[in-house]
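Q: Fold the following, please.
(2 chains)
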Amino acid sequence: MRLSILARERIFGASLLIPCFIFVAAFAFYPIVYSLSLSFHKIILGLPSLGQPFIGFDNYRELLQDRIALHSLVNTLIFVFATTFFEILFGLIIALVINKYFMGRGLARAAILVPWAVPTVVSSQMWRFIFNDKYGLLNYIFFGSDTSAYTAWLAHPSTAFAAIVVADVWKTSSFAGLLILAGLQLIPDELYEAAKIDGASSWQQFKKITLPLIKPAMLIALLFRTMDAFRVFDLVFVMTQGGPADSTNVLQFYGYKKIFAEGLMGYGSTISVLVFLITFIISLIYIRTIGVKLFQEKG
Amino acid sequence: MKRTLFYITTFMIVSLSLVPFLWFVNTSLKTPLEVTSIPPVFIPSGALSSYVSAIEGYDLLHFVRNSLIVAGVTTIITILISIITGYSLARLRLKYKGLIMGSLLVVSMFPQISIAGPVWRILQDLGWLNSYQGLIIPYVTLTLPLGVWILASFFKDLPPELEASARIDGCSHFQTLFRIMVPLAAPGVFTAAILVFIYAWNEFFFALLIMTQQDFQTLPVGIALFQGQYTMPWGEIAAASTVSTVPLVLMVFVFQKRIISGLTAGAVKG
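A: Numbers count the residues shown, from 1 in each chain, chains lettered A, B, ... in the order given. As a prediction, this is how the structure comes out:
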């Protein structure tokens, strides 16, 4: 049998995709479907004698009544909004700064990347230490040696929540900055020169040239950060364990607790499905708005 | 005036990036008494005592070993698979490329909890909980999108003539890929390897679920679960944290340009 060059290339190309396909199908797509099926069953890890009875939508009905789940959803959403807002803001400032030429720019860039490289567990322990009620640096900065005024930041709902936001913003603003920087570097210098000749002030240049042209890059940074903030876990696990009074409980942590600490594999899976649906919808929006152009470059 | 403002901003950003972590490194060099003293001690005198205690009392080196094995093997497997996948998607005439790249992107955005229960069950059925392969397999799956995206964008930028002339000279597809294309895309391979390694080195969620026995736990799990008998062993936690972070910080300073190009590969081009 003789195959055309194109057919042979296609067969070769498709065969190269097989290993990647096996991993992704078996350990990413199949588990998604599996989660969905688990969520329709009653499965308690500690009680294998119960079997795995099919219970239809009972778990979902329970989820709708679950006030902690609702609370975790609200917390997750606030966390996502708060962190992405600050990360994009600081990211923009970082990008504007490191886009300029100055002595030691390479070193400054590397320094700004340090928080990104620090493992999240490490940065969580680090901030937990800084926020420590007895000998944390933050208390010392605010109150000096007046230990009677020292605050237990991680023990009050609002300050504990603020603490995980601070820790997240510290760690990931530089990543947002890099994405925005990549957008900045695509702007040709001629545009600014022309604007200068026309007498535009730096603020006008920023508003009329820079901002509109880095909008796509900012959108990408925004969506990357949104998706990442949805899966916040390490910070909560290390710094607060979801407390005090569930004030820092987030969906990924709540799901983890239900499935692995309480052994409610069936009920916990409804949370997995919920989180997946929310992020899937957001990532679809992402692919529609900015991804399409990338894929269609070469047919 | 404007210039001063610029330098002040730069100085602020750089110090805010570095100071919190340096404070933790500083803590790792203190004696237990200095760690908890008020006002804080700024010049530590504990030398390496916390490191010694972390190694002897908390078995730090065995966490390091587990992390090196898991992150190292993950990197090798992910990069090999990413090379052939990225090449195929970037250079060969295939159908449904957009769909494939899009699906990979979706995988990279999954919150881990959406697959955690089933992955745990699959590994349990295979008897792979508390085994290196049990953690390496999910890591390969989760880092493949990153590797494929970076390598596809590097392969795409290579001139098409090279491939054509290699083919005319009688190279097979495989020879063309590994003798001509991979050496040319070496910077991309290297960049992807750094990023995959950092991901696997830092990952915590799956490591926590899958490695429940201390023998197999990686550094992040160790650092998160360090417990003293009466007080938090902050000196030892800081020492272990420094050990797990310093290699990465060195990588960042040496390979800063590559890391930046890798992180933004594909994201903004187009």
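
Q: hey, where'd the helices end up in the stretch 101-250 of chain A?
A: In the stretch 101-250 of chain A, the segments counted as helices under DSSP state H, counting those that start in this stretch are A:105-117, A:120-130, A:137-143, A:157-184, A:189-197, A:202-205, A:211-230, A:234-239.

Q: so which of those helices gets nearest residue B:215?
A: Checking the helices of the stretch 101-250 of chain A against residue B:215 by Cβ to Cβ gives helix A:120-130 as the closest, at 19.0 Å. Glycine gets a C-beta too; all of them are placed from N, C-alpha and C.

Q: Would you mind checking the average pLDDT for the closest one?
A: The average of the pLDDT scores along helix A:120-130 is 96.

Q: Stretch B:173-184 now?
A: 85.

Q: Tell me the gap between that stretch and the middle of its chain.
A: 26 Å (Cα atoms, centre = their mean, to the nearest Å).

Q: Span of it from start to end?
A: Using Cα to Cα, to the nearest Å, the end-to-end distance of stretch B:173-184 comes to 16 Å.

Q: cool, and stretch A:202-209?
A: Stretch A:202-209: ends 10 Å apart by Cα to Cα.

Q: From the chain's centre, how far out is that stretch? Work that out for me.
A: Averaging C-alpha positions (Cα atoms, centre = their mean) puts stretch A:202-209 30 Å from its chain's average.

Q: Contacts for it, please.
A: Stretch A:202-209 has contacts (Cβ atoms under 8 Å, 6 or more residues apart in numbering or on different chains) with A:187, A:191, A:192, A:195, A:196, A:200, B:2.

Q: which residues sit in contact with the third one?
A: Right, the one you point to is residue A:192. Applying Cβ under 8 Å, 6+ apart to residue A:192 gives the contacts A:205, A:209.

Q: Could you do residue A:156 as well?
A: Here residue A:156 is in contact with residue A:244 (criterion: Cβ under 8 Å, 6+ apart).

Q: Output the below-cut-off pLDDT ranges for chain B.
A: For chain B, applying pLDDT under 70 flags the ranges B:266-270.

Q: in it, which spans are strands?
A: In chain B, no strands are defined using DSSP state E.

Q: distance of the residue most central in space within it from residue B:219?
A: In chain B, the centroid-proximal residue (Cα atoms, centre = their mean) is residue B:198; its distance is 1.5 Å. The gap separating residue B:198 from residue B:219 is 13 Å, by Cβ to Cβ, to the nearest Å.

Q: Closest one of the contacts of stretch A:202-209 to residue A:152?
A: The closest of those, once distances to residue A:152 are taken by Cβ to Cβ, is residue B:2, at 42.8 Å.

Q: ok so, going back, reformat the contacts of stretch A:202-209 into a markdown table and put distance to residue A:254 next to each item.
A: Shown next, in a markdown table, are these (distance: Cβ to Cβ, whole Å):
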| residue | distance to residue A:254 |
| --- | --- |
| A:187 | 43 |
| A:191 | 48 |
| A:192 | 49 |
| A:195 | 51 |
| A:196 | 54 |
| A:200 | 51 |
| B:2 | 49 |
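
Q: Now for the residue nearest to the centre of chain B: which residues touch it?
A: Contacts of residue B:198 by Cβ under 8 Å, 6+ apart are A:117, B:248, B:251.

Q: burial count for the last one?
A: Residue B:251 has 19 neighbouring residues, counting by other Cβ atoms under 10 Å in any protein chain shown.

Q: dump the residue contacts of the nearest residue to it once chain neighbours are set aside.
A: Distance criterion Cβ to Cβ, 6 or more residues apart in numbering or on different chains; nearest residue to residue B:251, sequence neighbours excluded, is residue B:194 at 6.2 Å. By Cβ under 8 Å, 6+ apart, the contact set of residue B:194 is B:251, B:255, B:258, B:259, B:262.
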